[in-house]
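1. Here is my input, please return the structure:
(chains A, B, C and D)
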Protein chains: 2
Amino acid sequence: MLTERQLLILKAIIDDYITHAEPVGSRSVSKREDMNYSPATIRNEMSDLEELGFLEKPHSSAGRIPSQKGYRYYVDHLLSPKKLSKKEISGIQSVFRERFSELEQVIQQSAKILSNLTSYTSIVLGPEIFESTLRQIQIIPLSNESAVAIIVTDTGHVENQTVALPEGLNIHDLEKVVNIINERLKGVPLVHLRHKLTTELGNVFEKYIDQYDTMLSLLNKTFLSQQHEKVFYGGKTNILAQPEFHNVERVKQLFNIFEEDALVTKLFRSDDQGITIKIGQENRFEPFDECSVITATYSFDGKPMGTVGILGPTRMEYQRVIGILDYLSKDLSKLLTTRYQK
Amino acid sequence: MLTERQLLILKAIIDDYITHAEPVGSRSVSKREDMNYSPATIRNEMSDLEELGFLEKPHSSAGRIPSQKGYRYYVDHLLSPKKLSKKEISGIQSVFRERFSELEQVIQQSAKILSNLTSYTSIVLGPEIFESTLRQIQIIPLSNESAVAIIVTDTGHVENQTVALPEGLNIHDLEKVVNIINERLKGVPLVHLRHKLTTELGNVFEKYIDQYDTMLSLLNKTFLSQQHEKVFYGGKTNILAQPEFHNVERVKQLFNIFEEDALVTKLFRSDDQGITIKIGQENRFEPFDECSVITATYSFDGKPMGTVGILGPTRMEYQRVIGILDYLSKDLSKLLTTRYQK
DNA sequence: ATTTAGCACTCGCGTATCGAGAGTGCTAAC
DNA sequence: GTTAGCACTCTCGATACGCGAGTGCTAAAT
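-> Prediction:
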């Protein structure tokens, strides 16, 4: 267990390192306002803290920097939640004041304001379309061989896909099928669509439709492809300002990751309600060894729908970012719930 | 006017610089197969070529590198079109052999294969939705206050937008209007949609519809927002491998540009049929001072629809890239024309 | 009149050296 | 338990130096 004084010193060192990005020496710690000890005393404590694994030395005659364990302790025990500044609050609220008509616009704007306020990179996932339910499907023929299938959800999200029409398919039958689906499957979560299609509607189709098989496989194919959550970014290049990314090889790695939505989703997605913090190697992904990821979930009608997150250096301003994410995710949830609740 | 020998030397130097990325000295030029002159002679010629502005020296005792004027001369007069390798041809054709159902997929794949083959960054613009014509519009109500408007074009492209419904709007009237539009405006280019809406259909509406004004402004708003061409990238990070981008500040600038589709469109769009080459400062954009952009247009049914382009260092493999772009743009045009031609 | 050999000169780059500055860790005194 | 003092360590920037690559000029060769 750490003594009161060790806590004080650990916090001082991490705070200092977060703002100045340089190893912290005993002298500069001892000069702090509330620090009534000489550099020598501090040095002894620092040595102990290093032995306990909270600090490390870049080399023998630099100051100390926090270890991953140090950061973890810091966020778990030393973080006093800080109120947002007026500027931050008004920044966030400005997103929600504008009456964006599209949900995606709201989310894109959220990502943008997040990155502006934090000057890190923000990533917003979802909303998970799988959670949303079917409002209507449409199939619009383009030619004899192809058509566009359109799926609209209750949140106003539109997915579309061009499909090749099997030869000899009866367009009128297709229309009939679409009508039946719209009647019977409205309100069904998209995840269950394929299942319901085969079970509940199987017999209905069989009765009315000639090319039952063809039709079914066509629809299945259509629904199947709607898999991915969308990923929104804000300030992709912000993180390049951090000294951690001053070599191009690492930048390349990072941006390659950004190209792969599936990977980003895996890294950022959080199912736990509330704030999640992953520091350095806790991300289990080598290019992020010197990064921390802070995420918060937002929800619609009580159910988690997506994730807002910040990617920054391990040396990031945790308390500020946490405050901002918390505030924004709650506002976003509120907006979604009031907007789409009938 | 340059002598035969000067041309030979200029070409040798540029070819060498393109492959090795290092200033070229007289000795290495003289060692070439078809070069029957001593280093001293070459030195004299190089000195002349420098005076004429085709070459420059990074510093007094390095070799020479091509100037922008040198590259320009090279692409205009010295480039012998090279046949594509088998690998390149089969790479491109593999994109078109796969029966992608969506046009966007084909284009995305084209961008990818372009970047793979060239190991530069590829950018594909369009297809310009403004050129395409209306297949159908749909308005699907979400709640009492909002609805999703969907526009489908003849190329299978789908644009959608959530719109706020004006208070007291009659849903049945809206349906009527949508039906009339689908009857009368099918096949109209999207660019003309707003215009036709007011002129041709104005009087029809006035007859049948109560809230003529409200309806019209609603539809106008909907069509108005469909402005942007879509931008597809391939190998965004490829260009980071070039020594020209070994400082992070420049990388940051570049990626900031990539975030702004409008800017990228402006820089890459080409209306001239065929291949366009912009070298260094010809791009009139500072971050591209050491880059060249090669673009080719692709067309649908004879009309230019979009642009495929490559961003590389000024020192890029022009003849190879030109060959690939030429081949791919033609194949793409062919595909579009056969696929969507009824 | 070209072309070429020879040679002095220039410049960048990698390596080695050095001193300053910042910081530590230990010891001994407070 | 705390602190002053001091030797020691390590990085970093500046300076110096030699090597290698390349040029430009002059004079000789073709």
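2. quick check: mean pLDDT across stretch A:40-50?
-> Mean per-residue pLDDT for stretch A:40-50: 97.
3. and what of stretch A:311-323?
-> The model assigns stretch A:311-323 a mean pLDDT of 96.
4. Off-centre distance for it?
-> Relative to its chain's centre, stretch A:311-323 lies at 15 Å (C-alpha atoms, centre = their mean, to the nearest Å).
5. What strand or helix carries A:G306?
-> strand A:303-313 (DSSP states H and E).
6. which SS state does the residue of the stretch 51-200 of chain A found nearest DNA strand C fall under?
-> Using C-beta to the nearest atom of the strand, the closest approach of the stretch 51-200 of chain A to DNA strand C is made by A:S61 at 3.8 Å. In short, each C-beta sits where N, CA and C put it, glycine included. At A:S61 the chain is in coil, as set by DSSP: H, G, I helix; E, B strand; the rest coil.
7. Let me see the confidence value for it.
-> According to the model, A:S61 scores 90 on pLDDT.
8. And it, how close does it get to A:P141?
-> 75 Å (C-beta to C-beta, to the nearest Å).
9. The two - which one has more neighbours?
-> It is A:P141, of A:S61 and A:P141, that has more neighbours when counted by other C-beta atoms under 10 Å in any protein chain shown, with 17 against 8.
10. Relative to A:G25, how far out is the residue of chain A found nearest DNA strand D?
-> Using C-beta to the nearest atom of the strand, the closest approach of chain A to DNA strand D is made by A:S61 at 2.9 Å. For A:S61, the distance to A:G25 (C-beta to C-beta) stands at 10 Å.
11. Same check on A:N160?
-> On the measure of C-beta to C-beta, A:N160 and A:G25 end up 60 Å apart.
12. Please say which of these two ends up with more neighbours.
-> Remark: of A:N160 and A:G25, A:N160 carries more neighbours, 22 against 18, as counted by other C-beta under 10 Å.
13. So the more buried one, which state does it fall into?
-> strand.
14. And the one 3 residues further on, by the same measure?
-> In three-state terms, and counting by three-state DSSP, A:V163 is strand.
15. from what I can see it touches A:L219, true?
-> No: A:V163 lies out of contact with A:L219 (C-beta atoms under 8 Å); the separation is 9.1 Å.
16. neighbour-wise, which of these two wins?
-> With neighbours defined as other C-beta under 10 Å, A:V163 and A:L219 compare such that A:L219 has more, 24 against 20.
17. Touching, that one and A:L185? I think so.
-> No: A:L219 is beyond contact range of A:L185, at 10.7 Å (criterion: C-beta under 8 Å).
18. which neighbours do those two share?
-> Listed as contacting both A:L219 and A:L185 by C-beta atoms under 8 Å, 6 or more residues apart in numbering or on different chains are A:L197.
19. Quick one: the helices in the stretch 51-200 of chain A, in order.
-> A:68-73, A:86-97, A:103-118, A:171-184, A:190-199 (DSSP state H, counting those that start in this stretch).
20. could these go into JSON lines alongside mean pLDDT and mean neighbour count?
-> Listed next are the helices of the stretch 51-200 of chain A as JSON lines, based on pLDDT from 0 to 100; neighbours: other C-beta atoms under 10 Å in any protein chain shown:
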{"stretch": "helix A:68-73", "mean pLDDT": "98", "mean neighbour count": "20"}
{"stretch": "helix A:86-97", "mean pLDDT": "93", "mean neighbour count": "14"}
{"stretch": "helix A:103-118", "mean pLDDT": "91", "mean neighbour count": "21"}
{"stretch": "helix A:171-184", "mean pLDDT": "85", "mean neighbour count": "15"}
{"stretch": "helix A:190-199", "mean pLDDT": "78", "mean neighbour count": "16"}
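21. closest one to B:D301 among those helices?
-> When the helices of the stretch 51-200 of chain A are compared for distance to B:D301 using C-beta to C-beta, the nearest one is helix A:171-184, at 24.8 Å.
22. just to confirm, which helix or strand has A:F232 in it?
-> Counting by DSSP H and E, A:F232 is part of strand A:231-234.
23. Please name every helix or strand in contact with that strand.
-> Helices and strands touching strand A:231-234, as assessed by 3 or more C-beta pairs under 8 Å, 6 or more residues apart in numbering or on different chains; DSSP states H and E, comprise helix A:103-118, strand A:121-125, helix A:261-268.
24. tell me the angle of the helix ranked longest in chain A relative to strand A:303-313?
-> The residue-count maximum for a helix in chain A (DSSP state H) belongs to helix A:318-340. Angle of helix A:318-340 versus strand A:303-313, following axes from the mean of the first three to the mean of the last three C-alpha atoms, to 10 degrees, is 150 degrees.
25. for helix A:318-340, packing partners?
-> Counting by 3+ C-beta pairs under 8 Å, 6+ apart, helix A:318-340 packs on helix A:86-97, helix A:103-118, strand A:275-279, strand A:291-300, strand A:303-313.
26. Buried residues of the last one, list them for me.
-> It refers to strand A:303-313. Within strand A:303-313, the residues scored as buried using 16 or more other C-beta atoms under 10 Å in any protein chain shown are A:304-313.
27. Then the shortest one?
-> Neighbour-count burial for strand A:275-279, with 16+ other C-beta under 10 Å as criterion, is recorded at A:275-279.
28. Dump those into JSON lines; add pLDDT as well.
-> Below are the buried residues of strand A:275-279 laid out as JSON lines (pLDDT from 0 to 100):
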{"residue": "A:I275", "pLDDT": "95"}
{"residue": "A:T276", "pLDDT": "97"}
{"residue": "A:I277", "pLDDT": "97"}
{"residue": "A:K278", "pLDDT": "97"}
{"residue": "A:I279", "pLDDT": "98"}
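29. and of these, the nearest to DNA strand C?
-> The closest of these, once distances to DNA strand C are taken by C-beta to the nearest atom of the strand, is A:I279, at 22.4 Å.
30. For the residue lying closest to A:K330 once chain neighbours are set aside, list each beta-bridge partner.
-> Nearest residue to A:K330, sequence neighbours excluded (C-beta to C-beta, 6 or more residues apart in numbering or on different chains): A:Y298, at 7.7 Å. A:Y298 has these beta-bridge partners by DSSP bridges: A:G306.
31. Distance-wise, check A:Y298 relative to A:D271.
-> From A:Y298 to A:D271 the distance is 13 Å (C-beta to C-beta).
32. Please enumerate the shared neighbours of these two.
-> Counting by C-beta under 8 Å, 6+ apart, the residues touching both A:Y298 and A:D271 are A:P304.
33. Looking at those two, which is more packed in?
-> A direct count of neighbours by other C-beta under 10 Å for A:Y298 and A:D271 places A:Y298 higher, at 27 against 8.
34. Isn't the more buried one up against A:L335?
-> No: look at A:Y298 against A:L335 with C-beta under 8 Å: they stay out of range, at 9.0 Å.
35. to the chain's geometric centre, what's the distance from the longest helix of chain A?
-> With C-alpha atoms, centre = their mean, you get 12 Å for helix A:318-340.
36. Okay, buried residues for that helix please.
-> A:318-329, A:331-333, A:335-336, A:339-340.
37. Tell me how chain A divides into domains.
-> Annotated domains of chain A cover A:4-78, A:86-128+A:229-340, A:130-224 [automatic domain parsing].
38. which residues sit in contact with the residue of chain A found nearest DNA strand C?
-> In chain A, the residue that lies nearest DNA strand C is A:G25 (3.0 Å; C-beta to the nearest atom of the strand). Going by C-beta under 8 Å, 6+ apart, A:G25 touches A:39, A:62-64.
39. Reformat the domains of chain A as TSV; add distance to B:E290.
-> Supplementary listing: the domains of chain A in TSV, determined by distance: least, C-beta to C-beta, whole Å:
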stretch	distance to B:E290
domain A:4-78	30
domain A:86-128+A:229-340	15
domain A:130-224	40
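40. B:M215 is nearest to which of those?
-> When those are compared (using C-beta to C-beta), the closest one is domain A:86-128+A:229-340, at 16.8 Å.
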